[in-house]
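**Student:** Got a sequence here, can you model it:
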Amino acid sequence: MPPPQPEPSAPPAPGIPPRKGHPVRDLIAIGLTVVVLLAALAVGGFFVYRALYSPSAFVQHYLSLLASGHAADALKVPGVAIDRSELEKNGLPKNASEALLRQAALSTLSDVQVVSETREDDGDTAVAVTYKAGGYAGVTTFEVSPDGRAGFIPTWRFARSPLAVIDLSVHGSMTFQVNDFRLDKRQVALAGTAVDPADPVPMLVFSPGLYSVRVDTTISYSPGLAVLSDAPMKDVPVEVQTKPTDKFVAVVQDRVDDFLEQCATQQVLQPTGCPFGYVVHNRLDGLPQWSIDKAPKVTVVPSGEGWAIPETKGDAHIVVDIQSIYDGSITHLDEDVPFTLVGTIDISANGAASIRVSEPGS
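**Tutor:** The predicted model follows:
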């Protein structure tokens with residue numbers, strides 16, 4: 001019996017070539033895949049760097065702390081807090097108060113956007129940012145310098161502190177408000193209770209930030225004056241002149257009326273310390289009787305760090321009999337006596353008003 005013959009192999013299907021290996025092509029494909037993956041990693045790493053570890057991200061972190069009201073944390077950002085000697089080197093008052101570096105004195109900060117990041121020749125980076133501070137649009141450029149690394153991650157610090165100084169002069173009040181945070185010159189000035197009311201009070205503030213200064217007391221007031229701190233290490237002079245309140249003017253009016261009424265009780269031709277009087281060249285037949293026929297309507301105006309009553313006219317009235325030295329005849333005097341008064345008003349440390357009324361020039 002003949003041995004079994006092997007069955008013939010099935011011919012390949014028509015149109016389908018047998019598969020052959022192409023090692024070069026495979027290597028190219030693998031290489032392209034690796035390049036694409038590396039590029040993707042590089043792009044992703046770049047965006048991660050920009051978002052988390054770049055100078056722009058460092059500045060945005062600082063601004064986010066201000067926007068959320070975390071003043072104490074913002075002050076801890078590297079390069080923000082500054083030594084007093086550095087203030088002096090930058091031409092700023094070294095005795096500037098830190099009273100406004102707190103949450104209660106911050107205004108709103110929104111719409112923060114980095115518009116440019118520029119590497120400078122000295123190795124620092126300039127980061128320009130736009131924003132809205134208290135509704136006012138602004139732009140600030142920050143100087144950021146390298147501050148070492150945390151592992152592979154670069155760290156940064158402000159090369160120039162973003163703090164600034166508001167040099168505030170408030171006339172007519174020892175107390176004032178900044179963004180509704182109430183302050184007293186005697187609490188924030190280096191001289192304390194011995195501070196000269198005319199001296200400006202320097203106070204450190206964050207940049208950027210809007211600081212609205214106003215006065216609202218029983219004696220004086222001023223509308224809000226908005227100051228935009230938009231540059232690091234900038235000295236911003238601010239001057240606020242207050243006006244007397246209606247209540248204060250009414251108190252002064254009452255004091256002047258009482259003073260004149262007291263003057264009118266003096267039964268002499270020239271009441272002592274009073275702005276009115278009468279001169280005769282004959283004898284009096286009886287004591288003069290004074291009254292205030294037309295009380296002066298006073299106004300109050302600023303005078304240095306205090307207040308004053310400008311020249312104000314009024315009418316007193318005198319009734320008295322006068323005897324002629326020549327023939328002894330009696331003349332009945334009954335007439336108005338016009339007068340003019342001025343006054344100075346000093347406010348003591350406890351808020352009491354001291355008013356002195358006199359004739360002009362006395």
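
**Student:** Just checking, which helix or strand of the chain averages the lowest pLDDT?
**Tutor:** Within the chain, confidence by mean pLDDT, DSSP states H and E is lowest for helix 23-48 among all helices and strands, at a mean of 53.

**Student:** isn't residue 85 right up against residue 94?
**Tutor:** Yes - when contacts are counted by Cβ atoms under 8 Å, residue 85 is listed as touching residue 94 (7.2 Å). Yep, even glycine has a C-beta here, placed from its N, CA and C like the rest.

**Student:** residue ranges with poor pLDDT in the stretch 101-250 of the chain?
**Tutor:** With pLDDT under 70 as the threshold, the stretch 101-250 of the chain has no low-confidence stretch at all.

**Student:** Which stretches in it count as helices?
**Tutor:** Chain-ordered helices for the stretch 101-250 of the chain, with DSSP state H, counting those that start in this stretch as the definition, fall at 185-188, 246-264.

**Student:** Quickly compare these and say which is most buried.
**Tutor:** Mean neighbour counts were compared across the helices of the stretch 101-250 of the chain using mean count of other Cβ atoms under 10 Å; the top stretch is helix 185-188, at a mean of 18.

**Student:** which non-adjacent residue is nearest residue 200?
**Tutor:** Leaving aside its chain neighbours, residue 200 sits nearest to residue 169 (4.3 Å; criterion: Cβ to Cβ, 6 or more residues apart in numbering).

**Student:** how deep is that neighbour tucked in, by neighbour count?
**Tutor:** A total of 16 residues lie near residue 169 under the criterion other Cβ atoms under 10 Å.

**Student:** Can you name the residues bridging to it?
**Tutor:** Beta-bridge pairing of residue 169 under DSSP bridges involves residue 239.

**Student:** And it, how far from residue 307?
**Tutor:** Using Cβ to Cβ, to the nearest Å, one obtains 17 Å as the distance from residue 169 to residue 307.

**Student:** Residue 129 too?
**Tutor:** In this structure, residue 129 and residue 307 are separated by 44 Å, where distance is defined by Cβ to Cβ.

**Student:** Also residue 103?
**Tutor:** When residue 103 is compared with residue 307 (using Cβ to Cβ), they lie 35 Å apart.

**Student:** ok, those two, which is more surrounded?
**Tutor:** Higher neighbour count among residue 103 and residue 307: residue 307, with 24 against 14, using other Cβ under 10 Å.

**Student:** Neighbour count for residue 85 and residue 94, which is higher?
**Tutor:** Applying other Cβ under 10 Å to residue 85 and residue 94 shows that residue 94 carries more neighbours, namely 14 against 9.

**Student:** who's the residue most central in space within the chain bridged to?
**Tutor:** The geometric centre of the chain, computed from its C-alpha atoms, lies nearest to residue 211 (Cα atoms, centre = their mean), at 3.4 Å. Here residue 211 shows beta-bridge partners residue 227, assigned using DSSP bridges.

**Student:** That one reaches residue 225, doesn't it?
**Tutor:** No - Residue 211 is not in contact with residue 225 according to Cβ under 8 Å; the separation is 9.1 Å.

**Student:** List the contacts of the residue nearest to residue 200.
**Tutor:** Contact criterion Cβ atoms under 8 Å, 6 or more residues apart in numbering gives 198, 199, 200, 201, 237, 238, 239, 240 as the residues in contact with residue 169.

**Student:** at 7 Å instead, please
**Tutor:** The contact partners of residue 169, taken as Cβ atoms under 7 Å, 6 or more residues apart in numbering, are 200, 239, 240.

**Student:** Show the buried residues in those residues.
**Tutor:** Among the contacts of residue 169, those classed as buried by neighbour count (16 or more other Cβ atoms under 10 Å) are 200, 240.

**Student:** who does the closest residue to residue 296 other than its chain neighbours bridge with?
**Tutor:** Among residues not flanking residue 296 along the chain, residue 314 sits closest, at 3.4 Å (Cβ to Cβ, 6+ apart). When bridges are taken as DSSP bridges, the partners of residue 314 come out as residue 339.

**Student:** Next one: residue 314 from residue 283, what distance?
**Tutor:** Separation of residue 314 from residue 283 (Cβ to Cβ): 28 Å.
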